[in-house]
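Peer 1: Pasting a predicted model and its sequence here:
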Amino acid sequence: MRRRDFVKASALTAGATVIEGCTDEEHFIIQQVRQTTLPGETVWRPGVCRQCAAGCGIQVRVVDGNAKKIEGNEAHPVNRGGVCALGHSLLQELYNPDRVLQPQRLAGARGSGSFEVATWDDAMAAAVQAVSGAAPDRIGIVARDGTGLTGALWRRFASALAAPAPTFLEAPETEVERLAARVALGTDDYPHFDIARAELVLSIGAPFADRWRSPVHYIRALAEMRRGRATRRGRLIQAEARMSLTAANADVWLPIQPGTEGVLARALAGYLLESGGVAAPARQRYERLFPSAPPTLAEAATACDIREDRLLEVAEELAGAENALVMGGGSAAGHTNGLFNVTAALGLNLLLGNLGSPGGVFSPTRVDLGRALSSTGAATPASRLAERLRDGAVDVLIVADADPVHTLPGGFGIADAIAGVETVIVLGSSLDDTAVHADLLLPISTELERFEAAEPGTTAAVAALGMTEPVIEPMGESRHPADVLIALASGLGGGVAGQFPWSDFEEVAEASIEVELARLPGGSGADASDFFDEALERGGVFGEGDPAGAPPGPSGAGPQPAGGRFEGAPNDYPFVLLPFESVRSGTGRAANRPWMQELPDPLSTVMWNCWVEIAPADAEELGIHDQDLLRITSPQGSIELHAVVDPASRPGVVSVPLGHGHSGNGRYAEGRGANVLTLVGSSLVDGTSAPAWAATRVHIERLGEGELVRFGRSYEDMGHDEVIPVGWAPHEPLRKTNPEKSV
Amino acid sequence: MTGRGRGLRQLVGLSVSALALTLAACSPRPQAAPEQPIAYNHQVHVQDEEMECTRCHLGAETQDQAGLPPMTVCAGCHRRQGADIPSVQAFMELYDGGQGEPLAWRKVNVMPESAMVHFRHKPHARAEVGCETCHGDIGSMTVAEQVLNVADMGWCVDCHRREEASIDCLTCHH
Amino acid sequence: MTRWGMVIDTDRCTGCAACMVACHAENNIQTVGEVEAGKGRAMHWIRIERYYEGEFPDIKVRFQPVMCQQCGHAPCEPVCPVYATYHTPEGLNAMVYARCIGTRYCANNCPYTVRFFNWFSPDFPQPLERQLNPDVSVRSAGIMEKCTFCVQRIQGAQDVAKDEDREVRDGEIRTACSQSCPAEAIVFGDLDDPESRVSEFAEQARATRLLEELSTEPSVIYMRGGR
């Protein structure tokens, strides 16, 4: 028995050792028993958080076989010990009272949410029958993310079946940001930004201190940029239509007209080019990307609806900063001209001369363990899958750990189209908007209950692969989603089974490590088995040192400058709708967790509900008061939400958090708010297959008074006349006097 | 000192001792021993077989809880020993046929939940407080029972005072 | 002597609220639901206060995490009729749940409004209760609760130090909020130790305390400036 296997067998439950036999070897046995956990004993085990694509490393406190607390793994390059709100709440996914822990079979009309318990054997037999009975080109596969080993396994499965490539439900802007980076900087993925060592960060649309890409990583970097150096405090300028949490943390916020982000970036480039500080090679590279003449600051001021003097200040600051970098993405990537916006933003780095230098932009560093499975990188865009579903071209739909009905735009028509699919097989841990349409619901384990091998969706300074053993035993009959896939493949027999020669996911990981060993950080010359064991102990495979590798620069001409188009005519639909991720709701995965429901949004302070943010001037014009119930209508549909009259909202723009309005998701999520994506149409970002989720106009109508629960514990809310930040105004230094004598 | 002052002091003294008496009378008596799923005899194990407490109560010196032994600890010895004893037979039957279901030993010493107190064995072991200090001569008991009520805080505090251990409430109540 | 204190750098804090959930997880804080939360009964031992300054488009936001300030002259302490809240020798404003009879005088007298009353018996539907921290009492209905500076973690570190026959090292104790903070905005330590990181911060010109004019002598120090 290998040490790792022994630990696995013995350590999962307190005291559940399998050692027997006494007398002669008494001492040895007692020693063995002592090595396992004792009643009430705390053990910390490394894990990987998969609540979002960031893939932070965590440490989990386990007592008596139960997971008690999640903390950050300080060794993991992505988060270095920090954890976000969503990451903590993983424990309430694990121990959710409404979690599905046994295979379920539809027992009633499709979509009724009425299921009966089935055995795994029966459920898998039914799944195998459905898949083997379908024509390969009439199978659809949706999985959560395409990175790393799990993504590679789903690709391999699809190609073994000769079915269309799987659809991965990454954040919609991710594709746009990736493509823009490729065009502007020549990197194969979104680059690493060395924020911590920058003097000035200009973010055009990227809400990196909200829930975008890798929040813990970026928040840490932002704090370091400001207070990590004794010498100088770095500054953040945020150009974004909505006052996001990132904008709230900016030194300067440019509340830009939605869809004009690219114009701003181009005008700033024009200023830099004119100011004479740009070296000739950098100028040439930039002009290869954008050969046309950039707009002036005055033109940009009009287009972006920002005062010209403010733009000039920003341009001067950018030109004068020693280490400046520009990020782009978020809502800027969600407009129809998103690719142009983000390319223009990232292209500014060419002029700042920061490629590969401290405080600048670096090539992404990937472990890419999935390479070992030599499955192709192909994926079917969600928009294409939606088309197939609407055309009735899908007989069997497999959805793994994803909720396409909830997280894709209403205009894609998934909710209706899914009814026409013969068999829907969902691998999930709870009933969500997709799972209620399932014929078969197969319970999967959370990342704490399974072997994990997860690659960060956004790279940090160095390469990382989170890899950990199960932290606790799986709840109920839940199984590793990849193990379910492997079982499904072997159940199908023939060539498909031949492509999946492993018994479980851990074996896949071990085999892949062996193949890729020489390429992995610290793997060259190492013994594969030792390397594997040590990685599990540490919580993964992590690179070291400073970031290396300058992005090669533009690969060709960028997208043509274009303005954003919006669904809905301005006269009928006067407001631009910006959906966003609140730290309390994300994209909806955490809706049934009481901690997250009771967590106030940091800006609106709303708890237990969804809301729409509207500027005071707009509210006044429409006779809307705070908390009123409103109907919000787009060409695509209409929802009802309560108003937050928000002093920081840009007039003409309304914002609604994602992740609300679930049906059948559980006791804490039931009947709360509405899903803003039902308002979003089917427009795609030009030049990509990504949904243009920030390209909708809406009409607003007041329905009546309402009530919205807000978190009211600040001096403002306690009825003080003036908003005086507590203890702020006097700026008194700490009194060092003895309190006894100070009277 | 005036007679009046002495009188007052005597009065106070009297009331204090009266209070002490009352408290002693109210002092919670040991709780009755719970019925165990299988009769377990401490005397046989501790006196006859000379086993240390920590052989079975694995966390008694190193953890917050001493812990009741998992079945594997019992089976470790009883796979080979005591096969002729009815209670051991009953145990092994349960162990082999129980599909890993843990045997629900009932705790003899339970802190009331309302006390919101966290007794921790480890610091007491470190201070070399012997098991018998609180648990009495449990090694000679055939049925484990309380010798003093662990919910009697006065007894804890007395000892903490005597031994100059912390008597800050927060040390145990948090 | 030891005097536990905390430093919060508001220029690092982004208001991400990770600390709030970390605190719930560590301290078995129950959630109360929408209706009761609407009555102000949600029990966030640590909260993020948000302040707007200025007007659109020149509007600024400031965040300020606030928890029990563990006051040296705590207004909550003298008003408790049953001594359920008192000052420990290590500078903590202790809350002894078992003593509390729920008069709520302490909450009324707290200028920082960081004390919470349990209006209901705790409800952690199975299997949520498997997550509960065994080192922290689950409070029953009718008693007050508030931030303890994670006293169970302080004791845990002191216990380890005692095993190793040494003093607790600076930085060894991390409260749940401090551990979680992605921005490392929260630092915990001994204000009586001139070498500690908290002391180092406390001596800087950026250091202020909340409602200094009330002379409550809080043990939480806020680093100002920046944005």
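Peer 2: Perfect, I can see it now.

Peer 1: State the helix or strand in which A:His217 lies.
Peer 2: Here A:His217, judged by DSSP states H and E, is contained in helix A:215-227.

Peer 1: Return the nearest residue of the stretch 251-400 of chain A with respect to chain B.
Peer 2: A:Ala400 (30.8 Å; Cβ to the nearest Cβ). Where C-beta positions appear, they are placed from N, C-alpha and C, glycine not excepted.

Peer 1: What does that residue show for phi and psi?
Peer 2: phi -110, psi 110 (degrees, to the nearest 10).

Peer 1: tally of neighbours for it?
Peer 2: The number of residues packed near A:Ala400 is 24, by other Cβ atoms under 10 Å in any protein chain shown.

Peer 1: That one and chain C, how far apart?
Peer 2: 24 Å (Cβ to the nearest Cβ, to the nearest Å).

Peer 1: before we move on, what about A:Ala181?
Peer 2: From A:Ala181 over to chain C (counting by Cβ to the nearest Cβ), the distance is 24 Å.

Peer 1: SS state for A:Glu69?
Peer 2: Glu isn't right for residue A:69; it's Lys. Using DSSP: H, G, I helix; E, B strand; the rest coil, the structure places A:Lys69 in strand.

Peer 1: In this structure it contacts A:Arg61, no?
Peer 2: Yes. Using Cβ atoms under 8 Å, A:Lys69 makes contact with A:Arg61 at a distance of 4.2 Å.

Peer 1: what about these two, which has more around it?
Peer 2: Between A:Lys69 and A:Arg61, A:Lys69 has the larger neighbour count (other Cβ under 10 Å), namely 23 against 19.

Peer 1: Whichever residue of chain C sits closest to chain B: how many residues sit nearby?
Peer 2: Taking Cβ to the nearest Cβ, chain B has its nearest neighbour within chain C at C:Ser137, 3.7 Å off. A total of 23 residues lie near C:Ser137 under the criterion other Cβ under 10 Å.

Peer 1: Please pull up the helix or strand immediately following the helix holding A:His217.
Peer 2: strand A:235-239.

Peer 1: That next one: partners in the sheet, and parallel or antiparallel?
Peer 2: The pairing partners recorded for strand A:235-239 under DSSP bridges are strand A:200-204 (parallel), strand A:252-254 (parallel).

Peer 1: Show the subsequent helix or strand relative to the top helix by length along chain C.
Peer 2: Assignment by DSSP state H gives helix C:151-163 as the longest helix of chain C. The helix or strand immediately downstream of helix C:151-163 is helix C:176-180, counting by DSSP H and E.

Peer 1: Residue 144 - how many residues pack around it?
Peer 2: You didn't pick a chain, so chain A it is. Other residues close to A:Arg144 by other Cβ under 10 Å number 21.

Peer 1: The chain in question should be chain C.
Peer 2: Neighbour tally, C:Met144, other Cβ under 10 Å: 24.

Peer 1: go on, A:Gly666?
Peer 2: So A:Gly666, with other Cβ under 10 Å, has 18 neighbours.

Peer 1: That one and A:Gly111, how far apart?
Peer 2: Separation of A:Gly666 from A:Gly111 (Cβ to Cβ, to the nearest Å) stands at 17 Å.

Peer 1: Same check on B:Met153?
Peer 2: 59 Å.

Peer 1: phi, psi of A:Gly330?
Peer 2: phi 60, psi -130.

Peer 1: which residues touch it?
Peer 2: A:173, A:205-207, A:212, A:240, A:244 (Cβ atoms under 8 Å, 6 or more residues apart in numbering or on different chains).

Peer 1: Most neighbours among those residues, please name it.
Peer 2: A:Gly205 leads these on contacts (other Cβ under 10 Å) with 34 neighbours.

Peer 1: Just the pLDDT at that one, thanks.
Peer 2: Per-residue pLDDT puts A:Gly205 at 98.

Peer 1: Following element in sequence after the worst-scoring helix or strand of chain B on mean pLDDT, please.
Peer 2: Counting by mean pLDDT, DSSP states H and E, chain B has its least confident helix or strand at helix B:3-26, which shows a mean of 43. Going down the chain from helix B:3-26, the next helix or strand is helix B:42-43, by DSSP H and E.

Peer 1: Not counting that following helix itself, show me its contacts.
Peer 2: Here helix B:42-43 has contacts from B:138-142, B:144, using Cβ under 8 Å, 6+ apart.

Peer 1: I'd like to know which of the residues you listed is nearest to chain C.
Peer 2: B:Ala144 (23.2 Å).

Peer 1: quick one: contacts for the residue nearest to that closest one when sequence neighbours are not counted?
Peer 2: Spatial nearest neighbour of B:Ala144, excluding adjacent residues (Cβ to Cβ, 6 or more residues apart in numbering or on different chains): B:Val108 at 5.0 Å. Neighbouring residues of B:Val108 by Cβ under 8 Å, 6+ apart: B:31, B:33-34, B:144-146.

Peer 1: which non-adjacent residue is nearest C:Ala161?
Peer 2: That would be C:Val168: by Cβ to Cβ, 6+ apart, it lies 4.6 Å from C:Ala161.

Peer 1: Tell me where the stretch 101-250 of chain A is predicted with low confidence.
Peer 2: Counting by pLDDT under 70, the stretch 101-250 of chain A contains no low-confidence range.

Peer 1: What are the boundaries of the helices in it?
Peer 2: Ranges of helices in the stretch 101-250 of chain A, per DSSP state H, counting those that start in this stretch, are A:120-133, A:148-161, A:172-185, A:215-227, A:245-248.

Peer 1: Just tell me which of these ends up closest to chain B.
Peer 2: helix A:120-133 (17.9 Å).

Peer 1: Counting by contacts, list what the longest helix of chain C packs against.
Peer 2: helix B:121-126 (3 or more Cβ pairs under 8 Å, 6 or more residues apart in numbering or on different chains; DSSP states H and E).

Peer 1: list the buried ones in stretch A:683-698?
Peer 2: A:683-688, A:690-698 (16 or more other Cβ atoms under 10 Å in any protein chain shown).
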